[in-house]
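Participant: Build the 3D model from these lines:
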Amino acid sequence: MKKNKIIYWIVTILFGAFMIFTAIPEVMNTAESVAFMDHLGYPAYFNQFLGIAKILGCIAILIPGFPRVKEWAYAGFAFDLIGATYSVLAAGGFDVQMLFMLLPIGLMLLSYVYFHKMMKAVRVN
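Facilitator: Numbers count the residues shown, from 1 in each chain. Predicted structure coming up:
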């Protein structure tokens with residue numbers, strides 16, 4: 001149980017940090033993030049919406065408790081990361097740099113799996 005908790009928190013904090021660091025330029029609507037969204041074909045206002053949603057999702061997964069809210073946050077992150085990967089593929093084709101997306105997707109999946117391991121251990125006890 002303790003090992004699972006340690007792994008969960010390390011992976012979840014790393015994933016949350018990644019998502020917050022990508023959300024900050026979106027919320028601030030920086031020129032680079034607006035240009036990137038424009039390249040993908042999305043309007044500029046969508047940028048701030050995604051940034052705020054990411055920050056709220058990070059709060060949800062980092063605050064203990066609220067398992068149903070965490071489920072929704074993980075679902076939102078899955079849609080965000082898979083949608084972002086697909087959008088980049090659709091707008092510009094495959095690029096080797098896209099393999100970097102495996103890192104946040106992997107962290108999200110690990111965090112989700114260990115969240116459920118911890119929930120299962122709590123239900124057993």
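Participant: can you pull out the helices in this protein?
Facilitator: Here the chain has its helices, by DSSP state H, at 2-28, 31-40, 44-62, 67-92, 102-124.
Participant: What distance do you get for Ile13 to Asn47?
Facilitator: 25 Å (CB to CB, to the nearest Å). (C-beta placed from N, C-alpha, C; glycine too.)
Participant: quick one: which of those two has more around it?
Facilitator: Asn47 (21 against 15; other CB atoms under 10 Å).
Participant: Could you dump the helices of the chain into TSV with mean pLDDT added?
Facilitator: Shown next, in TSV, are the helices of the chain (pLDDT from 0 to 100):
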stretch	mean pLDDT
helix 2-28	95
helix 31-40	93
helix 44-62	95
helix 67-92	95
helix 102-124	91
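Participant: need the contact list for the spatially most central residue of the chain.
Facilitator: Taking CA atoms, centre = their mean, the centroid of the chain lies closest to Phe77, which sits 4.1 Å from it. Phe77 makes contacts with Phe15, Met19, Lys54, Gly57, Ile61, Met108, as judged by CB atoms under 8 Å, 6 or more residues apart in numbering.
Participant: Closest one of the residues you listed to Ala73?
Facilitator: Gly57 (4.1 Å; CB to CB).
Participant: show me what contacts that closest one?
Facilitator: Met19, Ala73, Gly76, Phe77.
Participant: Distance of the first one relative to Phe66?
Facilitator: Going back to what we said before, that points to Met19. 17 Å.
Participant: Same question for Met108.
Facilitator: From Met108 to Phe66 the distance is 18 Å (CB to CB).
Participant: So for those two, which residue has more residues nearby?
Facilitator: More crowded of Met108 and Phe66, by other CB under 10 Å: Met108, with 22 against 13.
Participant: I'd assumed Tyr74 was in contact with that one.
Facilitator: Yes. Using CB atoms under 8 Å, Met108 makes contact with Tyr74 at a distance of 6.9 Å.
Participant: that older thread, including distance to Lys3, could the contacts of Gly57 go into CSV?
Facilitator: Below are the contacts of Gly57 laid out as CSV (distance: CB to CB, whole Å):
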residue, distance to Lys3
Met19, 25
Ala73, 24
Gly76, 28
Phe77, 24
